[in-house]
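Q: no FASTA, just this:
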């Protein structure tokens, strides 16, 4: 009986070492990376040129007029360094950038040769608010589709 069972059993072959094929996996990753790069939405990054104070520079002539926008927790304050121009309170908890832009346009019409402005935020003002204020005084939409350049040379510092 034993011999009959042994005849019907398949003979065991020696096992071969298993190889891991990496070439198909590399091909899949190459296609995947290519697909992801082609379908990715690249965000547009804009770099702002800011004037920061430097101790190495020599004495600087004080400009005749320089718009200063002080960003406070309660609203915006417009000054000329010494003279107070106006206040723009927050509307519904947000800065009133439209009014700021309108006032910047009127100030630019009074001083057309001035391109300098300073943005002076208080310590705990969010970065996004600072950038929105900078955008509001840099250019303004005059009519649909056209914009007017206002104060393009922006310096940044701490609020007094």
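A: Nice, I can see it. Every value quoted in this text rests on a predicted model; they were computed, and no experiment measured them. Numbering: from 1, shown residues only.

Q: residue ranges with poor pLDDT in this protein?
A: The chain contains residues with pLDDT under 70 at 1-11, 41-63.

Q: in the longest helix anywhere in it, what's buried?
A: Across the chain, the longest stretch assigned as helix under DSSP state H is helix 23-39. By neighbour count on 16 or more other CB atoms under 10 Å, the buried set for helix 23-39 is empty. All C-beta atoms are positioned from the backbone trio N, CA, C, and that covers glycine.

Q: cool, stretch 114-127 as well?
A: Buried, per 16+ other CB under 10 Å, within stretch 114-127: 114, 115, 116, 117, 118, 119, 120, 121, 125.

Q: ok, and what's touching that stretch?
A: For stretch 114-127, the external contacting residues (CB atoms under 8 Å, 6 or more residues apart in numbering) are 63-73, 108, 129-130, 133-134, 137, 150-160.

Q: let's go with 6 Å and repeat that
A: In this structure, residues lying in contact with stretch 114-127 by CB atoms under 6 Å, 6 or more residues apart in numbering are 63, 65-72, 130, 133-134, 137, 151-157, 159.

Q: Dump the buried residues of stretch 114-127 to a markdown table, plus distance to residue 26 and secondary structure.
A: Compiled in a markdown table, the buried residues of stretch 114-127 are given as follows (distance: CB to CB, whole Å; DSSP: H, G, I helix; E, B strand; the rest coil):
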| residue | distance to residue 26 | secondary structure |
| --- | --- | --- |
| 114 | 60 | coil |
| 115 | 55 | coil |
| 116 | 56 | strand |
| 117 | 54 | strand |
| 118 | 55 | strand |
| 119 | 51 | strand |
| 120 | 55 | strand |
| 121 | 50 | strand |
| 125 | 50 | coil |
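
Q: Which stretches in the protein count as helices?
A: Along the chain, the segments classed as helices by DSSP H run 2-8, 23-39, 97-110, 127-138.

Q: Distance from the chain centre to the longest one, please.
A: Centroid displacement of helix 23-39 relative to its chain, using CA atoms, centre = their mean, to the nearest Å, is 30 Å.

Q: what's in contact with it?
A: Contacts for helix 23-39 (CB under 6 Å, 6+ apart): none.

Q: ok, the nearest residue to residue 139 once chain neighbours are set aside to residue 64 distance?
A: Spatial nearest neighbour of residue 139, excluding adjacent residues (CB to CB, 6 or more residues apart in numbering): residue 147 at 4.8 Å. From residue 147 across to residue 64, the span is 26 Å (CB to CB, to the nearest Å).
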